[in-house]
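Colleague: Requesting a structural model of the entry that follows:
(one chain, ligands or ions: 1)
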Amino acid sequence: MGLRFTVLSSGSTGNATVVSTDSASVLVDVGLSGKKIDELLREREIAGQDLDGIFVTHEHSDHIKGLGAFARRHRLPIYANERTWGAMLRTIGEIPDEQRKILPTDSVMEIADLRIESYAISHDAIEPVGYCFLADGAKLSLATDLGYVSDKVMRQLQNSDVMVLESNHDVDMLRMGRYPWNIKRRILGDTGHLSNEAAGEALCRLLTGSLRRVYLAHLSQEHNLMDLAKLTVNTVLEDNGYFYQKDEFALCETYHDRPTLWDVVK
Ligand SMILES: O=c1ccn([C@@H]2O[C@@H]3COP(=O)(O)O[C@H]3[C@H]2O)c(=O)[nH]1
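Modeller: Below you'll find the predicted structure:
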């Protein structure tokens, strides 16, 4: 079946994504309780013990809430850079040495036929990363929790077939919302979260290649709506002269309360 994935959950209440090939299966982040992750995996017909490892993007609780319990239960290796390990160790509890794996930022590794590339992103965590997954000539990129898309990130994301891209907030809804101003400033800043407009602008530079689907992700439940996110991204694309046919490209949804269907990347 080739490279495929399901976003189990996306948003500030918890993030987790499974990426699989016929020979490898990994989880990116465990932002819900271990029990809930097991339940969602079962819904998508995977067993925790069948996973080959867990890749961590950063130490915020919506990405590591169930990490310790889940990894211990299924004896899974956890991959993260050294500084993220330092930042999350106290929260996730004791992890046996053989399960602790250091994956330096901007490095590449392989599990069977699955190639995993980590890349640095700008977010208010100690050393946050995104991941690209490649197998069978297909490329899936995960890009959430980033304040802006740097030229380096843009180069990393080139030639993706499918992306999971942050579209966190509508700027006006956030400005008018109930969060304290210092939090709003952090979310809007360079180490915060991508707005719907920023997601659209990033796509203007990525849509020229092989990109077929983009899953809008990490939507704020306070300051966004899926329909508004799609409309804004589409408007930015059209304002910049990018028009597409439905069979060429699609914007897809992720959810905070249920998993997406399996998507076979190519
Ligand atoms: O100082 C800060 C900066 C950010 N945040 C998070 O950013 C998130 C943006 O999406 P959201 O609206 O679903 O939730 C927000 C918060 O979880 C925070 O709690 N404190």
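
Colleague: okay, CA-based contacts and neighbour counts for the rest of this
Modeller: Fine.

Colleague: How about the residues of this protein by the ligand?
Modeller: 11-12, 168, 183, 186-187, 220-222 (Cα under 6 Å from any ligand atom).

Colleague: elements contacting the helix or strand in which Val153 is found?
Modeller: Per DSSP states H and E, Val153 falls inside helix 151-157. Using 3 or more Cα pairs under 8 Å, 6 or more residues apart in numbering; DSSP states H and E, the elements in contact with helix 151-157 are strand 114-120, helix 196-206.

Colleague: Any buried residues in that helix, and which?
Modeller: Using 16 or more other Cα atoms under 10 Å as the test for burial, helix 151-157 gives 153, 156-157.

Colleague: and if you look at stretch 155-173?
Modeller: Those buried within stretch 155-173 under the rule 16+ other Cα under 10 Å are 156-171.

Colleague: Likewise for stretch 93-105?
Modeller: Here stretch 93-105 shows 95, 99, 101, 103-105 as buried, counting by 16+ other Cα under 10 Å.

Colleague: coming back round to it: which among the helices and strands packed on helix 151-157 is found nearest to Gln49?
Modeller: Minimum separation from Gln49 across the helices and strands packed on helix 151-157 (Cα to Cα) falls at strand 114-120, 17.9 Å.

Colleague: pLDDT (mean, whole number) over the closest one?
Modeller: For strand 114-120, mean pLDDT rounds to 98.

Colleague: what do you get for stretch 54-64?
Modeller: Rounded mean pLDDT across stretch 54-64 is 98.

Colleague: Give me the contacts around it.
Modeller: Identification of contacts with stretch 54-64 by Cα atoms under 8 Å, 6 or more residues apart in numbering yields 11-16, 26-32, 71, 76-80, 84, 87-88, 92, 125-131.

Colleague: count of residues packed around the residue in the stretch 1-150 of the chain positioned nearest to the ligand?
Modeller: At 4.4 Å from the ligand, Ser12 is the closest residue in the stretch 1-150 of the chain, using Cα to the nearest ligand atom. The number of residues packed near Ser12 is 18, by other Cα atoms under 10 Å.

Colleague: Torsion angles phi and psi at it?
Modeller: phi -70, psi -10 (degrees, to the nearest 10).

Colleague: for it, what are its contacts?
Modeller: 62, 218-220.

Colleague: Tell me the one among those residues nearest to the ligand.
Modeller: Ser220 (3.5 Å).

Colleague: angle of the helix ranked longest in the chain against helix 196-206?
Modeller: Using DSSP state H, we find that the single longest helix of the chain is helix 226-239. Per axes from the mean of the first three to the mean of the last three Cα atoms, to 10 degrees, the angle that helix 226-239 makes with helix 196-206 is 40 degrees.

Colleague: So what's the gap between helix 226-239 and the chain middle?
Modeller: Here helix 226-239 is found 20 Å from its chain centre; the criterion is Cα atoms, centre = their mean, to the nearest Å.

Colleague: Give the buried residues for the following helix or strand past that helix.
Modeller: The element immediately downstream of helix 226-239 (helix or strand, assigned by DSSP H and E) is strand 250-253. If you call a residue buried by 16+ other Cα under 10 Å, then strand 250-253 has these buried ones: 251, 253.

Colleague: try stretch 219-237
Modeller: 219-220, 223-226, 229-237.

Colleague: Report the rounded mean pLDDT for it.
Modeller: 98.

Colleague: Nice, that's everything, thank you.
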